[in-house]
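> next input, structure requested:
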Amino acid sequence: MKNLTRLYPRAMAPDRRHRWLSTGLSVLAALLLIGLPVLGWADGLPDVGDPGSGGGILDDTQQMAGSAAVLVGLLLAAAAMYYVVGAAISQYNEATMGRGNWGGFAMALVVGIAMIILIVWLLDKASSILGS
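Okay, here's the model as predicted:
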């Protein structure tokens, strides 16, 4: 312990200046935290409104969340369409090369078109539900 205090004398016993500075900063931070809400700097912010009142920032947030959900649905639908087209092209290539039959291609095409129609219908229903 003596070697440490000899090498770093300030590490073991901070002087008065450091104690005063840390105490002063702590008091200043506490005063700022207590005094900021009283000053009324937040008067220009939008009103939160009561839940279920249909106005204010909560209604805007709900509308944005609905729009984001529809956007995620559209992205998932685009990915599903990409997958369906890729599967149909793969089945077509196998049928033309002689490794597969045309029945597999027709099945992939019919199931893919039905899946795309179902996805578009579900997106339409979801957007009408989330939009209201």
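> CA atoms for contacts and neighbours, from now on please.
Noted.
> show me the domain layout of the chain.
2-38, 71-131 (automatic domain parsing).
> so which of those domains is nearest Ile57?
For the domains of the chain, distance to Ile57 was read as C-alpha to C-alpha. The smallest value, 16.6 Å, belongs to domain 71-131.
> burial measure for Thr96, as a count.
As a burial measure, Thr96 scores 12 neighbours (other C-alpha atoms under 10 Å).
> circling back: looking at the domains of the chain, which one has the lowest mean pLDDT?
Note on the domains of the chain: lowest mean pLDDT is at domain 2-38, with a mean of 63.
> picking up where we left off before, most packed of the domains of the chain?
domain 71-131 (a mean of 15; mean count of other C-alpha atoms under 10 Å).
> hey, which helix is longest across the protein?
helix 57-97 (DSSP state H).
> quick one on the thing from earlier: format the domains of the chain as TSV; extra columns: distance to Gln62.
Output for the domains of the chain, formatted as TSV (distance: least, C-alpha to C-alpha, whole Å):
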stretch	distance to Gln62
domain 2-38	27
domain 71-131	9
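> closest one to Met64 among those domains?
Short answer: domain 71-131, nearest of the domains of the chain by C-alpha to C-alpha, at 9.9 Å.
> would you quantify the distance from Ile116 to Gly98?
28 Å (C-alpha to C-alpha, to the nearest Å).
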